[in-house]
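Colleague: following is a predicted model, sequence given first.
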Amino acid sequence: MNSIKTTLLYMLLICSLIIILISFVILPTVTNIKENKKSLSGKQAEFLTNEEKIYALKTLQKNPEDLQKRINKINNLWPANSEVSNFIVNLENTAKLQNITLKNITMSEPKTISDAKKGSKNSKKAIQFSFDTQATFAQNLAIVRSMEGLSRLNSIKQINFTRGDEGSIFMKITGNIYYGE
């Protein structure tokens, strides 16, 4: 009888040790391995992104003329100063190609536009512009489409159409051109 008690006590002790070993050693190790797997996959994605950036930079380094062209294009789209004369000239040349005369071209004083999100530090420097035209709908639509290709980054905030005489349509466009660092 005494030997059965001793055997049961040993079995109970061994089962307790196994439960303690599983609870305090194996389960935390498995959890740690799963967390490390997730972290590793995130680091691998970050590594691949960095590899792509390095490849792009090496490609640009091999061709500095292409890099300079890109820098010049960005500087033209978003110049550091608020000079608007090139934008007006480009806009008028685009209108002439469509046989449209621009009227009442106005430019506001430069202002800073904050992002709509609260607490956002993103802000842009902009100059509001507006102009009027009188042409067919197709001509007015063509000038709106051609504004996408101007050498200065711009956005159209509002377009108003009013019916005129003999099939012509009056159009007023209001928008922004951007500048700054």
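Modeller: Cool, the structure landed.

Colleague: which helix runs longest in this protein?
Modeller: helix 27-62 (DSSP state H).

Colleague: angle of the helix or strand following that helix against helix 27-62?
Modeller: Counting by DSSP states H and E, the next helix or strand C-terminal to helix 27-62 is helix 64-77. In terms of direction (axes from the mean of the first three to the mean of the last three CA atoms, to 10 degrees), helix 64-77 departs from helix 27-62 by 100 degrees.

Colleague: what element comes up after helix 64-77 heading to the C-terminus?
Modeller: Toward the C-terminus, helix 64-77 is succeeded by helix 85-97 as the next helix or strand (DSSP H and E).

Colleague: and residue 64, how many neighbours?
Modeller: Per other CB atoms under 10 Å, the neighbour tally for residue 64 reads 9. Every residue, glycine included, has its C-beta placed from N, CA and C.

Colleague: same check, this time on residue 30
Modeller: Using other CB under 10 Å, residue 30 is surrounded by 11 other residues.

Colleague: repeat that for residue 102.
Modeller: Neighbour count of residue 102, defined by other CB under 10 Å: 16.

Colleague: ok, now which ones touch it?
Modeller: By CB atoms under 8 Å, 6 or more residues apart in numbering, residue 102 lies in contact with 91, 92, 95, 131, 132, 133.

Colleague: pick the one among the residues you listed closest to residue 124.
Modeller: residue 91 (19.8 Å; CB to CB).

Colleague: pLDDT (mean, whole number) over stretch 3-16?
Modeller: For stretch 3-16, mean pLDDT rounds to 86.

Colleague: revised request: answer the last question for stretch 29-47.
Modeller: Stretch 29-47 shows a mean pLDDT of 90.

Colleague: okay, buried residues for that stretch please.
Modeller: Of the residues in stretch 29-47, none is buried by neighbour count under the rule 16 or more other CB atoms under 10 Å.

Colleague: next one: stretch 172-181
Modeller: Neighbour-count burial for stretch 172-181, counted by 16+ other CB under 10 Å, picks out 173, 175, 176, 177, 178, 179.

Colleague: do I have it right that the fourth one meets residue 129?
Modeller: Same thing as residue 177. Yes - using CB atoms under 8 Å, residue 177 makes contact with residue 129 at a distance of 6.1 Å.

Colleague: between the two, which contacts overlap?
Modeller: Counting by CB under 8 Å, 6+ apart, the shared contacts of residue 177 and residue 129 are 84, 87, 154.

Colleague: what's the helix or strand for the nearest residue to the last one once chain neighbours are set aside?
Modeller: Closest residue to residue 154 apart from its sequence neighbours, by CB to CB, 6 or more residues apart in numbering: residue 177 at 4.8 Å. When elements are defined using DSSP H and E, residue 177 is found to belong to strand 169-179.
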